[in-house]
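Asker: give me the fold of what follows.
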Amino acid sequence: MNATGHISVPESSIRYDGWRIVVVCFLLATFGWGLGFYGQSVYVAELHRLRGWPTSLISSGTTLFYLSGAVLVAFVAEAIKAYGPRNCLIAGTLAMAAAGVMIGQVREPWQLYLANVLLAFGWAGTSLGIITNTLGLWFDRKRGMAISLALNGASFGGIAGVPLLVAGIGHFGFSGAMTIAAGVMVVLMVPVILIFVGRPPVPAHAAAAGGLDALSPRQIRVGALRDIGFLSVSIAFALVLFAQVGFIVHLIAFLDSVIGRERAAMAVALLTAMAVVGRVLFSFVIDRMNQRLASALSFASQAVALAILINVRSEVALIAACALFGFSVGNLITLPALIVQREFDPRSFGVLISLITAINQITYSFGPGVVGLLRDVSGGYALPFYVCIGLELTAAALIMVRGARTFQSG
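Answerer: Alright, predicted model coming up:
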């Protein structure tokens, strides 16, 4: 693989090497979200059952995971520039696999916290920040489509990952299932990354950015944090993801006592399947839509789903509410990148995506812990879920504030 080969074939061609990178990122997202994101709901429920630890204690480990990952993901763009995408992806794969094994072995709370810190390194190297930055090296005109297709792996990680983990725990125990999952990740991902991830091309806009007017990553961050349009996007999505992550991490624990563990796992799988459906359907029209309005409608639909979950006890209605909630889950990790691509200078894309991902993750890292704390204090999930509804509706209003265009990257 070389830069010349990439440039000679247009992005729209099926022979373009960038589409291989999309497949790699799809597989990476499958494991990254399966073990790092959706897997947390399994860890909370299983460790509570095995160790009898309070939900808030286990959830605080999840919060530590997201908070540590947020610090790391802010510098993903610089890491890729310094070490190359191949090395960063392999490092993320190995860190996540090692953390998975550790989580299966924990006997004391401090071990869970240590495992979650290591898992944060794996998350930084397998999740949204590194995937969007990596694909940004190969794609310009087709970047939105490439990101959308690759991030379907995130949803597939929930569709396949949660039921497989639950089934594996039933057959091999928690420790055995986590070790097997980690082994499969390493055996599959490391060779695939080594074979297919080579040197990226040099897009025209990246070459243009090499002039004297190009800003440093620090200058781009400072400018973005003074821009109303950027702040409205990052804060709105941070609030929604706070609610979304807090809800999803506790979803199995919430549904377990209502419809049972197996049906709860099925509900999570349906939620993530609907995330794929929603992302695929949106991909046909999102370039022609008002992406901020689409975001606001997505936030509102999740608020409606939460209201149903709180107030209805019919099994069919609960599962349908999970499907409604899931319809927008996939788009909420895709839309920020599409809005940034549309509204900001393409030369700032990598740095801004890393920044917005870090801001969102710092905020939503507290979601599982706060939801768990409110659950322990109130004795149920009604109060924390009503708080999540309030955050969703606040974000729906905030995302529509575009502001004046004050930030330029070069």
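Asker: name the residues that touch stretch 370-384?
Answerer: For stretch 370-384, contacts defined as Cβ atoms under 8 Å, 6 or more residues apart in numbering pick out 44, 54-56, 58-60, 242, 246-247, 249-250, 254, 310, 387-388. Quick note: C-beta positions are derived from backbone N, CA and C, even for glycine.
Asker: in strands only, show me those.
Answerer: Judged by DSSP state E, these include no members of strands.
Asker: now, the most widely separated pair of those?
Answerer: Spatially, the most separated pair among the contacts of stretch 370-384 is Ser60 and Ile310, at 23.8 Å (Cβ to Cβ).
Asker: out of these two, which sits in the busier spot?
Answerer: Higher neighbour count among Ser60 and Ile310: Ser60, with 21 against 18, using other Cβ atoms under 10 Å.
Asker: what's near enough to touch that one?
Answerer: Residues in contact with Ser60 (Cβ under 8 Å, 6+ apart) are 369, 372.
Asker: tell me the pLDDT at it?
Answerer: If you check Ser60, the pLDDT there is 83.
Asker: excluding chain neighbours, what is closest to Phe31?
Answerer: Leaving aside its sequence neighbours, Phe31 sits nearest to Met185 (Cβ to Cβ, 6 or more residues apart in numbering; 4.7 Å).
Asker: the helix or strand where that neighbour lies packs against which elements?
Answerer: Per DSSP states H and E: Met185 is located in helix 152-196. Here helix 152-196 touches helix 18-31, helix 39-51, helix 85-105, helix 261-283, helix 315-343, going by 3 or more Cβ pairs under 8 Å, 6 or more residues apart in numbering; DSSP states H and E.
Asker: how much does that helix deviate in direction from helix 85-105?
Answerer: Between helix 152-196 and helix 85-105, the angle comes out at 120 degrees (axes from the mean of the first three to the mean of the last three Cα atoms, to 10 degrees).
Asker: between helix 39-51 and helix 152-196, find me the angle.
Answerer: If you take the same axes, to 10 degrees, helix 152-196 sits at 100 degrees to helix 39-51.
Asker: off-centre distance for helix 152-196?
Answerer: Remark: helix 152-196 is offset 17 Å from the chain centroid, using Cα atoms, centre = their mean, to the nearest Å.
Asker: for Gln219, find the nearest of the helices and strands packed on helix 152-196.
Answerer: Distance to Gln219, taken as Cβ to Cβ, is lowest for helix 315-343 among the helices and strands packed on helix 152-196, at 16.7 Å.
Asker: returning to what we had before: of all the contacts of stretch 370-384, which comes closest to Ser365?
Answerer: Using Cβ to Cβ, the contacts of stretch 370-384 come closest to Ser365 at Phe242, 8.6 Å.
Asker: list the contacts for that closest one?
Answerer: Residues near Phe242 by Cβ under 8 Å, 6+ apart: 363-364, 366-367, 370, 388, 391.
Asker: next one: Leu149 from Gly198, what distance?
Answerer: Per Cβ to Cβ, to the nearest Å, Leu149 is found 20 Å from Gly198.
Asker: in terms of neighbours, single out the busier of those two.
Answerer: More crowded of Leu149 and Gly198, by other Cβ under 10 Å: Leu149, with 20 against 17.
Asker: how about that one, nearest residue that isn't a chain neighbour?
Answerer: What sits nearest to Leu149 in space, not counting adjacent residues and going by Cβ to Cβ, 6+ apart, is Val22, at 5.4 Å.
Asker: hmm, back to that, rank the helices and strands packed on helix 152-196 by pLDDT, which is bottom?
Answerer: Least confidently modelled of the helices and strands packed on helix 152-196 is helix 261-283, at a mean of 79 by mean pLDDT.
Asker: circling back: make JSON lines from the helices and strands packed on helix 152-196 and add distance to Val192 to it.
Answerer: Putting the helices and strands packed on helix 152-196 into JSON lines (distance: least, Cβ to Cβ, whole Å) gives the following:
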{"stretch": "helix 18-31", "distance to Val192": "6"}
{"stretch": "helix 39-51", "distance to Val192": "21"}
{"stretch": "helix 85-105", "distance to Val192": "9"}
{"stretch": "helix 261-283", "distance to Val192": "21"}
{"stretch": "helix 315-343", "distance to Val192": "22"}
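Asker: burial of the residue nearest to Phe31, as a residue count?
Answerer: By other Cβ under 10 Å, neighbour count at Met185 equals 24.
Asker: and Leu281, by the same measure?
Answerer: So Leu281, with other Cβ under 10 Å, has 13 neighbours.
Asker: identify the residues contacting it.
Answerer: Leu281 neighbours (Cβ under 8 Å, 6+ apart): none.
Asker: tell me how far it lies from Arg402.
Answerer: From Leu281 to Arg402 the distance is 25 Å (Cβ to Cβ).
Asker: ok, Ser314 next?
Answerer: Distance, Ser314 to Arg402, using Cβ to Cβ: 41 Å.
Asker: how about low-confidence regions in this structure?
Answerer: Filtered on pLDDT under 70, the chain yields the residue ranges 1-13, 202-215, 283-284, 286-287, 403-410.
Asker: would you check how far apart the residue nearest to Phe31 and Leu374 are?
Answerer: Per Cβ to Cβ, Met185 is found 33 Å from Leu374.
Asker: might one say that Ala307 is in contact with Ile389?
Answerer: Yes - assessed by Cβ atoms under 8 Å, Ala307 is found in contact with Ile389 at 6.2 Å.
Asker: joint contacts of the two?
Answerer: Residues touching both Ala307 and Ile389 (Cβ under 8 Å, 6+ apart): none.
Asker: just so I know, which of the helices and strands packed on helix 152-196 lies nearest Met178?
Answerer: Taking Cβ to Cβ, helix 85-105 is the member of those nearest to Met178, at 3.0 Å.
Asker: what angle separates that closest one from helix 18-31?
Answerer: Interaxial angle, helix 85-105 versus helix 18-31 (the same axes, to 10 degrees): 10 degrees.
Asker: quick one: buried residues of the helix or strand following helix 85-105?
Answerer: On the C-terminal side of helix 85-105, the nearest following helix or strand under DSSP H and E is helix 109-124. Buried residues in helix 109-124, defined by neighbour count with 16 or more other Cβ atoms under 10 Å: 109, 112-124.
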